[in-house]
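Novice: What follows is a predicted protein model with its sequence.
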Amino acid sequence: MSYMAKRALSVRDVLNKKYDLLPFDGRWARSFGRPELTGSWIIWGDSGNGKSRFALQLAKQLAQHTTVLYNNLEEGVSLSFQKALREENMDTVTNFKIIDGEEIDELINRLKRKRSPRVIIIDSLQYSGLTYPTYKRLRAMFPRKLFIFISHANGRLPDGRTANKIRYDAFIKIRIEGFKAFPMSRYGGGEPYVIWETGADEYWSNIQTEKL
């Protein structure tokens, strides 16, 4: 069986390539730049620091531009998730759907359908049972989709080997602490994003007081 090599690209080919960008502006652009609507992002942090609230704020922002699916494997359609949806006024958001904990193989079948969502949020990576080879398979199967993984934390890093491998590969990496998101983005930005001002002020004031 003969092997067909990929065509080598000239510099001009690469410079003339067009990308499908998210038209972020304001504080979203200051924090995350203008990302491509493809690839993978990872969000991680300890419980009670605003991770779920941030994920919903991000989903709301993304749903202004494309279709978003939230696969809630960890909480499912629980009372606490319902409360979070109310607090972020998610009932006003179109282009946003929720699945009550769909396994990865079922999710793949869903994404093969016509007009399937463009952005998929998986909450959480640990509850999904996703392996790194399956992550690479997802990326290869759906190169025009954006996968956003929410992860538990181990100190200042995502929890577990798979999560850390995805962190290395992710286009945007977002650590959550004290109701602030600290992004590292390939697309610029970099300014911390405040998730909840009152909670952030209280948390970081206490940190400063402890240092004195």
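Specialist: In hand now; what should we look at?

Novice: how close does the most centrally placed residue in the chain get to residue 40?
Specialist: Taking CA atoms, centre = their mean, the centroid of the chain lies closest to residue 148, which sits 2.9 Å from it. For residue 148, the distance to residue 40 (CB to CB, to the nearest Å) stands at 7 Å. From N, CA and C alone the C-beta is placed, and that goes for glycine too.

Novice: Repeat that for residue 179.
Specialist: Counting by CB to CB, the gap from residue 179 to residue 40 is 24 Å.

Novice: Repeat that for residue 99.
Specialist: In terms of CB to CB, residue 99 sits 18 Å off from residue 40.

Novice: list the buried ones in the longest helix along the chain?
Specialist: Longest helix in the chain by number of residues, with DSSP state H as the criterion: helix 197-211. For helix 197-211, burial by neighbour count (16 or more other CB atoms under 10 Å) applies to 199-200, 203.

Novice: just checking, what packs against the host helix or strand of residue 60?
Specialist: Element membership of residue 60 [criterion: DSSP states H and E] is helix 51-63. Under the contact definition 3 or more CB pairs under 8 Å, 6 or more residues apart in numbering; DSSP states H and E, helix 51-63 sits against strand 39-45, strand 68-72, helix 79-87, strand 96-99, strand 119-123, strand 146-151, strand 172-177.

Novice: want to try TSV for these, with mean pLDDT and distance to residue 160 as columns?
Specialist: TSV is the format used below for the helices and strands packed on helix 51-63 (pLDDT from 0 to 100; distance: least, CB to CB, whole Å):
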stretch	mean pLDDT	distance to residue 160
strand 39-45	98	10
strand 68-72	97	18
helix 79-87	94	23
strand 96-99	97	23
strand 119-123	97	14
strand 146-151	98	8
strand 172-177	98	15
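
Novice: Residue 157 is nearest to which of those?
Specialist: Distance to residue 157, taken as CB to CB, is lowest for strand 39-45 among the helices and strands packed on helix 51-63, at 7.4 Å.

Novice: Export the helices and strands packed on helix 51-63 to a markdown table and append columns for distance to residue 57.
Specialist: Listed next are these as a markdown table, based on distance: least, CB to CB, whole Å:
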| stretch | distance to residue 57 |
| --- | --- |
| strand 39-45 | 11 |
| strand 68-72 | 12 |
| helix 79-87 | 10 |
| strand 96-99 | 12 |
| strand 119-123 | 12 |
| strand 146-151 | 12 |
| strand 172-177 | 11 |
